[in-house]
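Trainee: I would like to see how this sequence folds:
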Amino acid sequence: MRRLGWLLALALVLPQTSSAIQLRWAGGTTDLTPTQNTQAVLVVSADSAEVTLPNSWRLQWTADSLGIQFSPFEEACLVDTAKVDSIALPTTPADSAANEITAFFCSSGGNNASTAYFLADLPGNGHGKMKVVALDPADTTQVIESNEVTFNGGTSGDYAPALLSTSIDHSGGELTVTAIGSGLADASTMALAAPDTSWRMPLTVTQRSANRAVATGYLGIPVPDCNLDVAGASGGVATTTVSAETETPAQPMAPVGSSAKFVPAYGIVQPKDFAFYYQQQLGIFHVFYIIQNEVIRKNPNFGEDSTSRAIGHAWSADLEHWTSMDSVLLARTDKWDNLHIWAPTIVQKDLQFKLFYTGVHRDANGNQIQMTGLATADATLPHDSLKTWTRRDSAVFYCRMVPWANKNTSDYQGRQFRDPFVIADPDSVGRYLMYYVTIHKSETGKMVVGLARSSGDLSAWRNYGPLHSTEQQHTGSTNNIVESPNLFQHYDVASGTMSRWLMLTTNTNQAQEMHFQRTLGSPSDTLAAPWLPTTDLYTYLGGDSTVFYWHATEYLPVPARIGGYATTHEFLAAYDDSTWAIDINEILWNANPPAPYYADFTLAYPSLTAVGPGPGKGEDGAIRLMLLGRQPVVSEAHVAVDLPTAAHASVTVLDVQGRSVRTLAQGVLPAGRTTARWDGRADNGQHTPSGVYFVRLNAQGLTRTARLVLLH
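Mentor: Numbering: from 1, shown residues only. Take a look at the predicted model:
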């Protein structure tokens with residue numbers, strides 16, 4: 001049995017349409033005069049030119065009585081004739097107001113039916129009229145409609161608008177919505193709205209005609225699944241669904257080194273905590289960072305209280321060239337966040353961007369109290385690009401809301417409550433998780449990651465307990481500082497498993513402070529058992545010097561389309577304490593983790609075009625520079641160069657000021673891999689001092705850079 005579904009909906013008369021559908025009562029007339037309640041058969045048929053009915057069409061009616069009803073037939077489906085075999089009642093208030101129901105037709109033929117019919121229950125004392133409208137199969141920007149049929153002479157009431165199709169043009173943030181339907185010359189307002197009515201975005205109607213209405217607006221995010229509401233001046237309302245926009249591929253970016261970098265002000269500002277966000281609709285990356293001015297902080301006339309009082313903002317289209325913007329979220333002298341602003345994190349929910357941050361104030365006793373604040377930016381604000389934020393007057397989450405946290409604010413330990421990180425809960429639609437750090441009241445001097453949950457507008461958070469895997473009493477770890485939690489997940493296609501990675505900045509009496517935990521279970525599981533032990537990221541990556549001075553990571557997935565297939569680039573960024581920069585690298589997942597470290601991923605320079613295979617495969621067209629062995633290096637370092645074809649190239653060691661120290665290779669290098677050794681000496685044969693150096697490869701007009709730490 002072939003089943004087709006059509007909507008029966010109220011709509012206005014179309015003055016300029018073609019008639020390819022005939023509508024009549026079963027006796028062949030276009031008017032019935034029932035004097036009592038009557039069940040009649042209404043017949044819809046294609047004219048001789050069209051032969052078959054369109055795939056979908058609307059029956060629209062208006063009447064002066066609520067008694068009109070439609071009923072299914074009980075007979076079996078017929079060949080080439082469609083009949084109603086079931087009816088779904090209105091599911092929304094808008095459907096009810098518009099007399100809109102869904103009728104399911106069936107026929108046993110293999111092609112579209114040429115005739116359709118259904119039962120109509122007509123009130124004997126009522127008057128009404130009906131017609132059918134549909135998209136023209138030959139040109140879906142045009143509307144065809146039937147003649148009108150009436151009962152008891154009809155009524156003068158108007159049809160309400162009916163929507164047959166919608167289309168969206170969304171270039172940058174500029175949004176144009178076009179509706180095709182019936183009765184749209186009367187369209188006075190148009191709006192996008194959430195299916196659950198949690199948000200509504202009014203549009204500006206710019207064009208309208210009988211079967212076409214156009215409205216515009218601004219939206220700095222992709223259009224989500226929503227409804228389009230069109231209201232007529234006479235009061236009728238039509239609603240249809242709008243599917244979410246498909247992901248916009250990222251634009252190509254030219255790789256220039258081992259890490260892309262954002263340096264706010266070299267030698268002056270340390271962006272120690274930051275948020276990393278990709279505004280997909282505009283194709284730009286944002287960083288929001290702590291402005292910790294070291295010149296001011298170390299000046300005895302100013303000091304610690306005079307810096308970290310605002311969040312800096314910069315954006316880039318390629319992760320290489322950055323445009324600095326005005327600072328956002330300055331400390332407010334008359335509010336609870338009057339001393340410091342730290343640790344921003346950003347999520348998008350509905351038509352808003354939500355920025356959570358740590359605000360610090362002094363209480364009456366001079367103690368610095370840390371709390372979590374919330375600011376929002378409107379995605380419908382034209383050309384704003386996350387520049388305008390509105391803060392709530394009070395904190396949304398703080399220590400006294402957490403029963404297990406140390407709340408003694410007269411002591412340093414009771415004042416630690418910072419570094420929020422917020423993500424959508426992958427286990428529960430509409431719910432969000434916040435990871436943060438504080439001190440447990442039963443573990444003196446030892447920080448722990450806490451978890452909270454929220455829904456709605458994310459202004460109210462509920463404690464969900466500490467992550468026991470980060471507590472010393474459960475893990476036996478020597479870490480007493482745990483900061484800047486950041487969680488991401490990865491689905492492994494080969495094994496069919498989802499792993500969750502919790503990145504942490506800790507102190508283990510080592511220079512390298514970046515660690516992680518992972519689990520195959522829920523990211524909101526607070527028990528210690530499901531989480532694997534804390535692991536040193538530097539060692540895990542086989543001594544990759546890229547991460548040696550890292551703190552405070554941020555994970556960012558960016559959609560792309562490669563070879564016709566949708567994919568995702570995964571970036572891992574971190575504050576680098578050796579360069580006072582934010583390093584940005586791409587995560588390359590290893591299908592078969594290489595020995596001896598068996599790391600699930602490696603880090604590479606970020607690409608916005610394609611994710612290449614692992615290192616050592618220069619034949620794939622990629623130019624690569626890699627440090628071999630563990631870092632820091634003692635006395636000597638080994639590097640590898642991968643070239644897709646033989647090419648003139650140079651490999652040079654530079655100091656932190658960019659001065660050439662030693663040339664390791666110069667001339668034509670063969671295709672494939674070439675290795676070079678640096679014995680820690682300069683070109684003049686003198687030993688170089690211990691410290692940070694950079695190895696730079698120039699080949700085929702491209703540059704790659706790797707950082708190494710040399711110890712003697």
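
Trainee: alpha carbons only for contacts and neighbour counts from here, please
Mentor: OK.

Trainee: tell me which strands and helices the strand or helix carrying residue 230 is in contact with?
Mentor: Element membership of residue 230, judged by DSSP states H and E, is strand 226-232. Contact partners of strand 226-232 among helices and strands, from 3 or more Cα pairs under 8 Å, 6 or more residues apart in numbering; DSSP states H and E: strand 187-193, strand 237-242.

Trainee: and the longest one, which strands flank it?
Mentor: Sheet partners assigned to strand 187-193 using DSSP bridges are listed as strand 200-209 (antiparallel), strand 226-232 (antiparallel).

Trainee: let me know the secondary structure of the closest residue to residue 536 other than its chain neighbours.
Mentor: Using Cα to Cα, 6 or more residues apart in numbering and skipping the chain neighbours, the partner closest in space to residue 536 is residue 515 (4.5 Å). Under DSSP: H, G, I helix; E, B strand; the rest coil, residue 515 falls in the strand class.

Trainee: could you measure from residue 515 over to residue 506?
Mentor: 7 Å (Cα to Cα, to the nearest Å).

Trainee: of those two, which one has the most company?
Mentor: It is residue 506, of residue 515 and residue 506, that has more neighbours when counted by other Cα atoms under 10 Å, with 25 against 22.

Trainee: contact partners for the residue lying closest to that one once chain neighbours are set aside?
Mentor: The shortest distance from residue 506 to any non-neighbouring residue, by Cα to Cα, 6+ apart, is to residue 482 (4.6 Å). For residue 482, the contacting residues are 437, 447-449, 470, 504-507, by Cα atoms under 8 Å, 6 or more residues apart in numbering.

Trainee: per-residue pLDDT, residue 482?
Mentor: As predicted, residue 482 sits at a pLDDT of 87.

Trainee: how much space between it and residue 449?
Mentor: In this view, residue 482 and residue 449 are 7 Å apart by Cα to Cα.

Trainee: shared neighbours of the two, anything?
Mentor: Shared contacts of residue 482 and residue 449, defined by Cα under 8 Å, 6+ apart, comprise 437, 470.

Trainee: before we move on, back to that, got JSON lines for the helices and strands packed on strand 226-232, with mean pLDDT and mean neighbour count too?
Mentor: Shown next, in JSON lines, are the helices and strands packed on strand 226-232 (pLDDT from 0 to 100; neighbours: other Cα atoms under 10 Å):
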{"stretch": "strand 187-193", "mean pLDDT": "94", "mean neighbour count": "21"}
{"stretch": "strand 237-242", "mean pLDDT": "88", "mean neighbour count": "21"}
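
Trainee: next, format these as a markdown table and append distance to residue 122.
Mentor: Listed next are the helices and strands packed on strand 226-232 as a markdown table, based on distance: least, Cα to Cα, whole Å:
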| stretch | distance to residue 122 |
| --- | --- |
| strand 187-193 | 30 |
| strand 237-242 | 24 |
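
Trainee: between the ones you listed, which one is nearest to residue 141?
Mentor: Comparing those by their distance to residue 141 (Cα to Cα), the top pick is strand 237-242, with 16.5 Å.

Trainee: Provide the contact partners of that closest one at residue level.
Mentor: Strand 237-242 is touched from outside by 94, 97-98, 160-163, 166, 225-231, with contacts defined as Cα under 8 Å, 6+ apart.

Trainee: residues in contact with whichever helix or strand comes after that strand?
Mentor: Toward the C-terminal end, the helix or strand that comes next after strand 237-242 (DSSP H and E) is strand 260-262. For strand 260-262, contacts defined as Cα under 8 Å, 6+ apart pick out 319-320, 322, 581-585, 605-606.

Trainee: from the residues you listed, keep the buried residues only.
Mentor: Among these, those scoring as buried are 319-320, 322, 581-585, 605-606 (criterion: 16 or more other Cα atoms under 10 Å).

Trainee: among these, which ones are in strands?
Mentor: 322, 581-585 (DSSP state E).

Trainee: distance to residue 197 for those - can I get that in a markdown table?
Mentor: As requested, those are exported to a markdown table (distance: Cα to Cα, whole Å):
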| residue | distance to residue 197 |
| --- | --- |
| 322 | 38 |
| 581 | 43 |
| 582 | 40 |
| 583 | 41 |
| 584 | 38 |
| 585 | 39 |
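
Trainee: distance check, the spatially most central residue of the chain against residue 197.
Mentor: Central residue of the chain (Cα atoms, centre = their mean): residue 348, 6.6 Å from the mean position. Distance, residue 348 to residue 197, using Cα to Cα: 17 Å.

Trainee: check residue 81 too.
Mentor: Going from residue 81 to residue 197 by Cα to Cα gives 39 Å.

Trainee: please identify which of those two sits among more neighbours.
Mentor: residue 81 (20 against 10).

Trainee: and the more buried one, bridged to which residues?
Mentor: Applying DSSP bridges, one finds that residue 81 bridges with residue 78, residue 115.

Trainee: just to revisit the earlier point, got the contact list for the strand holding residue 230?
Mentor: With contact meaning Cα under 8 Å, 6+ apart, strand 226-232 is reached by 160-161, 184, 186-195, 237-244.
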